[in-house]
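Asker: The sequence and its predicted three-dimensional model are supplied below.
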Amino acid sequence: MPGESVLNPFPYSAMFGFPGLRDSVTGAAHALPPAQQRTGTSRSIVSFGAKPDDGQDDRAAIQSAIDASTSGDEVFIPKGLWNLSSTHPSSSQTGTILQIKLKSGVNLRGEDQASAVLVSNLDCDSNCTNINQFVIHGAGVSKLLLSDFTVTSTWNRTYSTDTSVSNPAVGGPAVAINLAGSGNAQDCFAISVERVTAEKYSRMGFRANGGCYDVAFRSCLAQNSTDVATGGAGYGFVLQGKTHQDPAAGSAPFADQYKNPFLGTPSDNYFNLIEGCRATGPYIRHGALVQYWSHHNAVTNNTFENTQLDSIDLHGDDEYSNEISANVVLDNPGGAGIGMGNSGAGHDKSGANNWVHHNLIRRSLRGISIQFGTEYAVVTNNCILDNTATANGYGLGLGFAARSVVQGNRVEGNTAAKFYGLYLFNDTSTGVSAAYRGTPAKNLLDANLIKGNAFGIFAGTFGPQNTITNNQFIGNAMNNSYP
């Protein structure tokens, strides 16, 4: 593309190592294991008493088929509607509520993604405060494949697109598919989820939680969340570690903020993949989200469209060394195509060394933002195009960001009112600690093509604090050069 970066794509590798699915020290590619193949028996849920389309509970039959299987077997779900109208016996009203419990080595395969449908009757309370409510749950499971079915629910009330106020009609299960370590060992690994749809859930469609590694979501679809408001609602795909824990809390930003407190523990989250998936709005808040010290993951070749806020969200919880590449983001009038840092209560900076490259973002209010104490981000060779309708946006924006590289990107044809190709600004949000508000400094903005936008650049008094060089400003209506 015009302005293609010639920079070493890992400019800070000596300090932080290589990002994405790579060995941090050597840069050698980390290959996820292939999807688990059936080597044993295929057991149809019909053989265990499940009956399609009859309105009766099929949950126990499905679970019996799983429990009767051993490693290498698969449980087969034929076409039809299969009702989940009870909970697994291990469920507790004060703890985890689940319906289908996965088993290591046992695949779950539907006949067809669109027409093999699991219908959950889980319906969270008015605030959906219990996030530990799962249709399909695997804790401490490994070496299995989930494929070719849909998870939906009986919820049939009114959707909302309000991102500030919870939907009063919210419902359905909290999470459609949840994977996690057991808490005693980091034993959630070698799992593939392929060609699965999740819908009519309140919080998350697909989640790989603390204790997961080598988990892949491929060619899956998230849509129609029952809420998109604050508090974790309406996420499509989620990679997350245990919790937000900032070693530098209460101190100045950028002070010893790079030590993952969960590294090497059963709560770590790394080497996971979201690939070839889709999240389709308008009833989705974030398409893909990485948070809580999650690291060395890849989000690649996905399509996210018409989400309410940042389509790909590095959630301001110290997530680091992730690779976000070759995604397509379409029609996002309310947020960024890709966001690093978060102004919400309990959030602040993304971690260091996240590499965002070769993504295509069209018709988005904001293209790519780096904010709230995030530093050492690498943003190269992205295209941000064609916002002609939504005013007051920008292509490449830096708030309180430092030591980041923004190079070789193309921002073109964004003619909406007051749209800036490059935009440097003061982070003032009251949702984060005062330590994470301020202005950009020590960043490199180099060799970007800024063409045919409403404005070329706004740097204010912050420009001299950064290196802004070799950028091409062509045919922008105003501010067509720097300085």
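Answerer: That came through fine.

Asker: How are the strands of the stretch 301-450 of the chain distributed by residue range?
Answerer: Applying DSSP state E, counting those that start in this stretch to the stretch 301-450 of the chain gives strands spanning 303-305, 312-314, 323-325, 328-340, 355-357, 360-370, 378-380, 383-385, 394-398, 405-407, 410-412, 420-424, 444-446, 449-451.

Asker: now swap in the stretch 1-150 of the chain and tell me
Answerer: 42-44, 74-77, 80-84, 97-101, 107-110, 116-120, 133-139, 142-153.

Asker: what's the shortest one packed up against?
Answerer: Looking back up the chat, that one is strand 42-44. strand 74-77 (3 or more CB pairs under 8 Å, 6 or more residues apart in numbering; DSSP states H and E). (C-beta placed from N, C-alpha, C; glycine too.)

Asker: elements contacting the strand it packs on?
Answerer: Looks like strand 74-77 contacts strand 42-44, helix 59-67, strand 107-110 (3+ CB pairs under 8 Å, 6+ apart).

Asker: Let's see that with 6 Å instead.
Answerer: Counting contacts by 3 or more CB pairs under 6 Å, 6 or more residues apart in numbering; DSSP states H and E, strand 74-77 packs against strand 42-44, strand 107-110.

Asker: which residues sit in contact with Ser429?
Answerer: Contact analysis of Ser429 by CB atoms under 6 Å, 6 or more residues apart in numbering lists Ser343.

Asker: Do you know the pLDDT at it?
Answerer: For Ser429, the pLDDT comes out at 84.

Asker: Next one: the closest residue to Gly183 other than its chain neighbours from Leu21, what distance?
Answerer: In this structure, Gly183 finds its nearest non-sequential neighbour in Pro266, 6.6 Å apart by CB to CB, 6 or more residues apart in numbering. Using CB to CB, to the nearest Å, Pro266 is found at 21 Å from Leu21.

Asker: ok, now Gly316?
Answerer: 23 Å.

Asker: Between the two, tell me which one has more neighbours.
Answerer: When neighbours are counted by other CB atoms under 10 Å, Gly316 comes out ahead of the other of Gly316 and Leu21, with 27 against 20.

Asker: my guess is the more buried one meets Asn342, correct?
Answerer: Yes. Using CB atoms under 6 Å, Gly316 is in contact with Asn342, at 2.9 Å.

Asker: rewinding a little: and the strands of the stretch 1-150 of the chain: which comes nearest Gly17?
Answerer: strand 142-153 (26.0 Å; CB to CB).

Asker: Which strands or helices does that closest one pack on?
Answerer: Using 3+ CB pairs under 6 Å, 6+ apart: strand 142-153 touches strand 107-110, strand 116-120, strand 188-199.

Asker: What pairs with the next helix or strand after the longest one, parallel or antiparallel?
Answerer: So the one you mean is strand 188-199. Sequence order places strand 204-208 as the next helix or strand after strand 188-199, per DSSP states H and E. Paired with strand 204-208 in the same sheet, following DSSP bridges, are strand 175-180 (parallel), strand 235-240 (parallel).

Asker: Could you dump those into CSV with mean neighbour count, distance to Val432 and mean pLDDT added?
Answerer: Formatted as CSV, the strands paired with strand 204-208 follow (neighbours: other CB atoms under 10 Å; distance: least, CB to CB, whole Å; pLDDT from 0 to 100):
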stretch, mean neighbour count, distance to Val432, mean pLDDT
strand 175-180, 28, 26, 96
strand 235-240, 28, 19, 98
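
Asker: now those as JSON lines including distance to Gly346?
Answerer: Output for those, formatted as JSON lines (distance: least, CB to CB, whole Å):
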{"stretch": "strand 175-180", "distance to Gly346": "20"}
{"stretch": "strand 235-240", "distance to Gly346": "14"}
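
Asker: List the contacts of Val228.
Answerer: 163, 234, 285, 308.

Asker: and of those, the nearest to Ala434?
Answerer: Relative to Ala434, the closest of those is Thr163; by CB to CB it sits at 24.5 Å.

Asker: what's the neighbour count on the residue lying closest to Ala28 once chain neighbours are set aside?
Answerer: Take Ala28 and drop its neighbours on the chain: the residue closest to it by CB to CB, 6+ apart is Arg22, 6.4 Å away. Neighbourhood size, Arg22 [other CB under 10 Å]: 20.
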